[in-house]
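Peer 1: Structure for this input, please:
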Amino acid sequence: MDPGTSLRLFTSSLIKTRYSTFSALSFVLYDHVLTLDAEKSFVWNSPWSLGKVLFIFNRHFGLLALMFNAVSA
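Peer 2: Below is the predicted model:
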């Protein structure tokens, strides 16, 4: 395979990865916006527990990781 074809394949793959990352980020942000009211009433008003900490970590760390990946990709 010549270098030009290799470069085109790499560029095409990189563009598809970026589109996929931004698409996933938009779905996650949409989900966060839709469920924010339920999260405030059920999670933030409840007493602190291991389940609450794990929920908050899982929900917000995943969003932050996806945002970091979208920016750095």
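Peer 1: elements contacting the helix or strand of the chain with the lowest mean pLDDT?
Peer 2: Between all helices and strands in the chain, the lowest mean by mean pLDDT, DSSP states H and E belongs to helix 3-34, at a mean of 89. In terms of contacts (3 or more C-beta pairs under 8 Å, 6 or more residues apart in numbering; DSSP states H and E), helix 3-34 is packed against helix 50-72. All C-beta atoms are positioned from the backbone trio N, CA, C, and that covers glycine.
Peer 1: helices and strands around the helix it packs on, which ones?
Peer 2: Looks like helix 50-72 contacts helix 3-34 (3+ C-beta pairs under 8 Å, 6+ apart).
Peer 1: Report the rounded mean pLDDT for the helix or strand immediately after the helix it packs on in the chain.
Peer 2: Downstream of helix 3-34, the first helix or strand assigned by DSSP states H and E is helix 36-39. For helix 36-39, the mean per-residue pLDDT is 93.
Peer 1: how far does helix 36-39 sit from the chain's center?
Peer 2: 18 Å (C-alpha atoms, centre = their mean, to the nearest Å).
Peer 1: circling back to that earlier point, now the least confident helix or strand of the chain against helix 50-72, angle please.
Peer 2: 140 degrees (axes from the mean of the first three to the mean of the last three C-alpha atoms, to 10 degrees).
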